[in-house]
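Colleague: Give the three-dimensional model of this entry:
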Amino acid sequence: MKKSKKLIFFGNERLATAVSTDIPVLKTLIENGYEITTVVSNYTPGRSRNSRELEIAEVTGTHNIPLLLPEKLTEIKDQLQALGAEAAVLVAYGRIVPTDIIDIFPHGIINIHPSLLPKYRGPTPIEQAILDGVSKTGVSLMKLAAKMDAGPVFAQKTMGLSGKETKQDLADKLLQLGSELLIENLPAILDGSLTPKDQDNAHATYSQLLKRQDGLVNWSLSADKIERQIRAFTGFPKSQAKILGHDVILTKARVAKDKNDGDLVIKCRGSWLEIQELTAPSGRTIAGKDFLHGYKK
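Modeller: Next comes the predicted model:
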């Protein structure tokens, strides 16, 4: 297959906190004949016992693509400039890219953002979409700008939500959707026939960085809101609660009709929530009814 124009890839494709990925965007670029000269990722191994190796490193190793892990992009500016890439693609790099790096590329840096911009700018658009209980979300193909997620948009693709998606489910779907959108539009971006349109800043909304304490379950909230938090907070920050005097992590729940509609049912604000599955103090993930049998006061 004849190689297309040279590209540099920024990111690790982890669109949300504590999700895994099979790197569909980078793989699709390679499969479609794009020459990926270098992958630049944001990762420092060994900072905690929970740090994970980058899935993207397996792909770069398989295809003999150099993988750079700079502390600062300015460290590798000359190296990137020397590669002569027409453009770069960025998927979940996790750091602000300075203007002098963006300006290296004649066609800029093309960012896949997992929301319908200008909605849900910021670091946690996937989690926020689940928390808000929206009926649809999508991906945006954006030309990167210095201001966070404020660059002009080349194209968007929408998908409906069932209201049952976990963070991992939605991240997987949006990453695949973004990969398809990129491949559909990249030729026109590179030949200059597709120009991006400015976002309407007046309609911008923002997602916030999650902290561990955000996962503490507040039973004074409604059952449907807590259920959405459980799906949005899988992996991190996790939905942490105390039930029957034990510290647990809630992993699956549903809104119940009343206190008799299920096994482990808890009163919330004006509603009831059945805990269908949780991680017990033992570290095992078990059904709510099994927790009742094994962890009674």
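
Colleague: switch to C-alpha atoms for all contacts and neighbour counts from now on
Modeller: Noted.

Colleague: I figured residue 289 hits residue 274, correct?
Modeller: No: the criterion here is Cα atoms under 8 Å, and residue 289 misses it with residue 274 at 10.0 Å.

Colleague: mind checking pLDDT for the closest residue to residue 128 other than its chain neighbours?
Modeller: Leaving aside its chain neighbours, residue 128 sits nearest to residue 207 (6.2 Å; criterion: Cα to Cα, 6 or more residues apart in numbering). Listed pLDDT for residue 207 reads 96.

Colleague: How about the one 10 residues further on?
Modeller: Per-residue pLDDT puts residue 217 at 98.

Colleague: Also residue 295?
Modeller: pLDDT, residue 295: 80.

Colleague: elements contacting whatever helix or strand residue 169 lives in?
Modeller: Assessed by DSSP states H and E, residue 169 sits inside helix 167-190. Counting contacts by 3 or more Cα pairs under 8 Å, 6 or more residues apart in numbering; DSSP states H and E, helix 167-190 is packed against helix 24-31, strand 109-113, helix 125-132, strand 136-143, strand 153-160.

Colleague: Pull out the buried positions in it.
Modeller: 167-168, 170-179, 181-182, 186, 189-190 (16 or more other Cα atoms under 10 Å).

Colleague: Strand 109-113 and that helix, what's the angle between them?
Modeller: 150 degrees (axes from the mean of the first three to the mean of the last three Cα atoms, to 10 degrees).

Colleague: ok, back up a step: settle this for me: the residue nearest to residue 128 is touching residue 122, isn't it.
Modeller: Yes: Residue 207 is within contact range of residue 122, at 5.0 Å (criterion: Cα under 8 Å).

Colleague: pLDDT below threshold where in the chain?
Modeller: 1-4, 43-52, 297 (pLDDT under 70).
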